[in-house]
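Participant: generate a structure from the sequence data that follows.
(chains A and B)
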Amino acid sequence: MTAHASSLEALPTGLKAALAVGLAALSLFPFVGSDFYQQMVVRMMILAIFAMSLDLLQGVTGLVSLGHAAYFGIAGYALAFFTPPGEPVSLWWTLPAAMGLAGAAALVIGFFVVRTRGIYFIMVTLAFAQMVFYLVFDNKALGGSDGLYINFRPDAGVFDLENKRVFYYFTLVCMLGVFVFLRRLLWSPFGRALAGIRVNEHRMRAVGYGSFGYKLAAFTLAGALAGLAGYLWGAQSGFVNPELMGFHQSAHVIMMVILGGMGNFAGAIVGAFAFEIMLDVFKDLPAIGGFETGKHWQLWMGLFIVAVICFAPRGLLGLAQRLGARPGAPDA
Amino acid sequence: MPEALLRARELTKTFGGLAAVNKVSLELWQDRIHVVIGPNGAGKSTLTNLLSGDLPPSSGRIELAGQDITRASPEQISRQGLGRSYQKTNIFPSFSVWENIRLAAQSRAAQQPWNPLRWLASAQADPAVNERAEAALELAGLDGRRHAIAGAASHGEQRQLEVAMTLATEPRVLLLDEPLAGMGTAEAERMVELLLRIKPRHAMMVVEHDIDAIFTLADHLTVMVNGTVIASGEPAAIRADRGVQAAYLGEDH
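Facilitator: Residues are numbered from 1 along each chain as shown, chains lettered A, B, ... in the order given. Next comes the predicted model:
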C-alpha cells in the first residue's frame, strides 16, 4: 500500500480536473437553474463550508467533534442579534464579528475539550454543544425554541446581497476561498503538525510539539470557519432557530465529511452536496400503500451511509478516484 | 569536563506497591555512552520514560544542564535538548521517511503563529528545517530511502529512522531504548558505527541487550535488576563482578 492509494491528501490530477469541471458547473448554474434550485445549491455550498471546517478537525487532526453545530449556530444567532428589525446591517463588521464570536466560543470550549481523547472527546464536545443549545433554547431574549427572524440580508455596500444571484456568487466565492485557504494550510508547517498529531500524537510530543496548543488552534479555526457557514445560513434563510446548533446538525455534518472522504477538504464539499441531494431524493420518495416512505428519510439515509462506508471506505471521492484511475481493475 | 549534562538523583517510580524503578541515580556526560543493561522487567524502559517525561516519577529529581525537569512534560524536555528513541518502533507509518524526519526537524523551527503569511507557506520550503532533516537523514544512512513510506520500510530501516528523527531535533542528551532490537548482524554493526560517530557531540544513555554491542559502546555500564542498580562503573570491572555474573550476564552465557 502506498501513500497515494491510502490517502487523497494530495489530490490526483484526475480528481483535480473533475473538481474544476464541478466549479465551472457551479459558476454557470444561475444562468440555467430556477430560483428554487439556486437556493438549494446555495444551501449546499454553505453546508460545504461547514463540512470543510469540521474536516480540519476530523480528517486532518483526527478529532471527531460531535458538537460542531454549536459554532455554526452561534454565528447565525450573532447575525440575528446584530440585525435591527427595520434595516440591514453592514456585512463588513458583522461577518468578522460573528466569526470571531464562534471562534471565541470554540477557543473557550476547546481549552477544556482538546485535553481529552477518543470517545471522551466525542462526549465532551457533545456535552458542551448541548449546553449551548439549551442556553439558547431556554432564553426568551434569543427567541427560545421559536428562534429569531433576520428581516434583511447584510448590507455589503458595493454589491447587493438581497439579489439572489449576487448572494449565490458571494457564497461560491466564500466556499472557494475557504477551500483554497484550507488546502494551503494542509501543506503548511501547521497543517503537517496537525497531520502528525493525527497519526502519532505521542511521538509528536516526544520530538517537542506542544500538541495541546496545535489542537486548540485547529479547534478555534474550525469554529470560526463553521461560523462563516452559520452566518451565511442565517443571511440566506432569514431566520435562525436552536435546531441549527442541535445534535442532528452536528451529526449530519460528520456524515457529510465521511460520505465525501476525509482529510482533503474536496471530499467534504462532495459529501455536503451528496448528502443534501440524497436528502431531497429520500424525502420525495412516493408513499407505498399506507406507508409514507419519504417521512422515514432518516432510515434510507442511514442505509445509504452504511452502504458507502462498506463499499467505499474512503468516501465518494475515494470511490471516484478508484473507478477513474483504473477502470475495471480489481480493488486496490 | 565541567558538569554532567543529565543528572538523576534517587529516581523512584512505583506502580501500586511495586517499585519498577527504585532510587536510581545516574549521570550522563558529553562524549560518553552510558549503557544500561538488565533482564526483562528490570525497569530499564521505565527509567528511560522517567527521564524523557513520558512518565512522572514518584520521587527523586532530574536535572538537564543544571535545570530541574522532574515535572516537565515530554515536549518541554525535548525542547530543552533531550531526545529519545523507543524500544517499540514509534514513527509516523503513513508518512514518507523524509516527512518523518522533516517533521521532527520542523519542531525546532521558529514559530510565528501571529504571522498569517507564514500559515500558508509550504512546510517543504523552510531551508533551515530541510538542512537539519537532510543532515539527520544522511547521518542515519537513509539517504536512498527518503521517498519510501515509513510503515513499509524494513524493520532495520525503521530502527534507523527512530534514531534519525531523534537526531533531527539536535539534542544534546540522547536516550536510546534498545536501538539494535530485532536487527540483523550487518544492520546492528551499522547502528553501532553510527552511535560511535555521533558520540562526541552527545551525552548518551543506551539500553541494550546485545553483549557485543554493549562492550563496544559502553564507557560506563549500569546493571539493573528488579528496579535497583546492582552495579555501576567501568565495563571491565562490571564484567569481572561475580554478583553481576550471577544475576545477569551468567544467565545469558
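Participant: buried stuff in stretch A:183-191?
Facilitator: Within stretch A:183-191, the residues scored as buried using 16 or more other C-beta atoms under 10 Å in any protein chain shown are A:R183, A:L185, A:L186, A:W187, A:S188, A:P189, A:F190, A:G191. Where C-beta positions appear, they are placed from N, C-alpha and C, glycine not excepted.
Participant: what strand or helix carries the last one?
Facilitator: Counting by DSSP states H and E, the element that carries A:G191 is helix A:189-206.
Participant: show the average pLDDT along that helix.
Facilitator: Mean per-residue pLDDT for helix A:189-206: 96.
Participant: which strands and helices lie in contact with that helix?
Facilitator: helix A:211-237, helix B:74-79, helix B:97-106 (3 or more C-beta pairs under 8 Å, 6 or more residues apart in numbering or on different chains; DSSP states H and E).
Participant: direction included, what does whichever helix or strand comes after the first one pair up with?
Facilitator: Using DSSP H and E, the helix or strand that follows helix A:211-237 towards the C-terminus is strand A:239-240. For strand A:239-240, the pairing partners within the sheet under DSSP bridges are strand A:148-149 (antiparallel).
Participant: and the partner strand, average pLDDT?
Facilitator: Here the average pLDDT along strand A:148-149 is 96.
Participant: all helices for the chain, in order.
Facilitator: Looking at chain A here, since you left the chain open. A:3-6, A:13-32, A:35-55, A:69-82, A:91-113, A:118-137, A:164-186, A:189-206, A:211-237, A:247-260, A:266-283, A:297-311, A:315-325 (DSSP state H).
Participant: sorry, should have said chain B
Facilitator: Using DSSP H, helices in chain B cover B:44-52, B:74-79, B:97-106, B:116-119, B:127-139, B:155-168, B:185-198, B:211-217, B:235-240, B:242-244, B:250-252.
Participant: of the ones you listed, flag the one that's most buried.
Facilitator: Sort these by mean neighbour count, taking mean count of other C-beta atoms under 10 Å in any protein chain shown, and helix B:97-106 sits at the top with a mean of 27.
Participant: spell out which parts of the stretch 151-300 of chain A neighbour chain B.
Facilitator: A:181, A:184-185, A:187-193, A:195-196, A:199-200, A:202-211, A:217 (C-beta under 8 Å from any C-beta of the partner chain).
Participant: returning to that earlier point: compare the helices of chain B and give me the one nearest A:S65.
Facilitator: Taking C-beta to C-beta, helix B:116-119 is the member of the helices of chain B nearest to A:S65, at 21.3 Å.
Participant: tell me which strands and helices that closest one is in contact with?
Facilitator: Using 3+ C-beta pairs under 8 Å, 6+ apart, helix B:116-119 sits against no helix or strand.
Participant: next up, the contacts around A:F311.
Facilitator: The contact partners of A:F311, by C-beta atoms under 8 Å, 6 or more residues apart in numbering or on different chains, come to A:L319.
Participant: next, count neighbours for A:A75.
Facilitator: 34 (other C-beta atoms under 10 Å in any protein chain shown).
Participant: most tightly surrounded among the helices of chain A?
Facilitator: Most buried of those, by mean neighbour count (mean count of other C-beta under 10 Å): helix A:69-82, with a mean of 28.
Participant: what's the offset of it from the middle of its chain?
Facilitator: The chain centre lies 15 Å from the centre of helix A:69-82; the measure is C-alpha atoms, centre = their mean, to the nearest Å.
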